[in-house]
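# predicted model follows, preceded by the sequence.
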Amino acid sequence: MRTVERMLLAAALASAFGAHAQQSDEHVPPDPPQHAGATMSDAQMVRAMEMDDAARFFMFKLDTFELAQGDDAYSSAWNAQAWYGGDFDKLLVRTQGERESGRTDARAEAFWNHAFASWWDWQLGARREFGSGPARNWAAFGVQGLAPYWFEIEAAAYLGEDGRTAFGLRAEYEILFTQRLILQPELEVNLYGRDDRLRGVAAGLSDAEFGLRLRYEIQRGFAPYVGVVRQYRRGTDAADPRFGFERIGSETQVVAGLRLWF
């Protein structure tokens with residue numbers, strides 16, 4: 001009789017501890033499959049597991065769409081890109097610009113984007129600048145990728161009409177306070193080979209910008225943000241380019257905007 005009581009007590013304790021362990025463990029593995037899977041061809045397996053390197057995808061990202069308050073005026077700016085293609089080759093389109101005091105400066109770029117290494121693509125395409133002043137067309141060659149320590153890099157060299165040259169660099173990083181609250185430092189610089197008075201561009205370092213934007217991802221693909229941006233610019237501040245170039249200097253802006261992608 002004592003043996004039966006011991007067995008019943010041991011079973012009760014094992015059941016209690018087992019139930020407690022199961023409740024404390026958030027992950028419960030599923031039951032193993034009871035039947036063998038159906039026979040699949042290689043093509044069916046590729047489709048089922050989404051492992052086709054030749055598959056085509058589309059993505060749109062509005063990186064920044066914001067209003068800014070500077071020292072003297074309000075302005076608005078945007079930076080967006082979209083691409084269509086596969087893992088190795090895709091068509092990439094980017095646009096960036098701003099509007100301040102009734103003046104708009106913008107550019108659009110189109111690239112053939114080809115992956116040449118893990119995390120890195122090279123790009124070949126064209127850029128068009130428009131808005132205030134005459135439009136300018138450029139041939140473009142660049143690279144884009146993920147540098148060590150998770151810095152996202154975009155760099156491009158440009159060759160324009162009448163021997164004009166330019167170079168642009170953009171780097172950003174993401175600091176995750178939580179899975180939804182993210183601080184993004186970003187640096188962008190633009191250099192030109194010579195003055196372009198009609199568009200207010202100075203040779204050398206024409207403009208630079210460093211920003212800190214704090215966003216909250218309400219859901220994946222939708223994130224409002226606030227931030228601070230420090231800008232430096234050189235160029236002409238006169239409507240008549242005959243007045244020459246002067247140092248416009250630096251400005252601090254408070255920005256608020258929206259980031260979304262799908």
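Good, I have the coordinates.
# contacts, neighbours, all on C-alpha from now
Fine.
# which stretches of the protein aren't confidently modelled?
With pLDDT under 70 as the threshold, the chain has low-confidence stretches at 1-26, 46-54, 235-248.
# so what's the most centrally placed residue in it up against?
For the chain, the residue nearest the mean C-alpha position is D63 (5.7 Å; C-alpha atoms, centre = their mean). By C-alpha atoms under 8 Å, 6 or more residues apart in numbering, the contact set of D63 is W78, N79, A80, Q81, L258, R259, L260, W261.
# repeat the analysis, applying 7 Å as the threshold.
N79, A80, R259, L260 (C-alpha atoms under 7 Å, 6 or more residues apart in numbering).
# do G131 as well
T104, D105, A106.
# before we move on, what about A110?
A110 touches L92, V93, R94, G125, A126, R127, counting by C-alpha under 7 Å, 6+ apart.
# just among the contacts of D63, which is most surrounded?
Counting by other C-alpha atoms under 10 Å, R259 has the largest number of neighbours within those, with 21 neighbours.
# specify the beta-bridge partners of that residue.
On the basis of DSSP bridges, R259 is bridged to A223.
# what would the contacts of D63 look like in TSV with distance to R170?
What follows is the contacts of D63, written out as TSV (distance: C-alpha to C-alpha, whole Å):
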residue	distance to R170
N79	12
A80	14
R259	17
L260	19
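# closest one to F210 out of those, please.
N79 (14.6 Å; C-alpha to C-alpha).
# just checking, the closest one touches T95?
Yes. If you go by C-alpha atoms under 7 Å, N79 and T95 touch, sitting 5.9 Å apart.
# one step back: in the contacts of G131, which residue is surrounded by the most others?
Most crowded among the contacts of G131, counting by other C-alpha under 10 Å, is A106 at 18 neighbours.
# distance of that one relative to A36?
59 Å (C-alpha to C-alpha, to the nearest Å).
# okay, and the residue lying closest to R127 once chain neighbours are set aside sits in which element?
Distances taken as C-alpha to C-alpha, 6 or more residues apart in numbering place E109 nearest to R127, at 4.3 Å, with adjacent residues excluded. Using DSSP states H and E, E109 maps to strand 103-117.
# now the helix or strand following that strand, how far from the chain's geometric center?
Using DSSP H and E, the helix or strand that follows strand 103-117 in sequence is strand 120-131. Relative to the chain's own centre, strand 120-131 is displaced by 16 Å; criterion: C-alpha atoms, centre = their mean, to the nearest Å.
# got it, and stretch 67-86?
12 Å.
# what of stretch 133-140?
Counting by C-alpha atoms, centre = their mean, stretch 133-140 comes out at 24 Å from the chain centroid.
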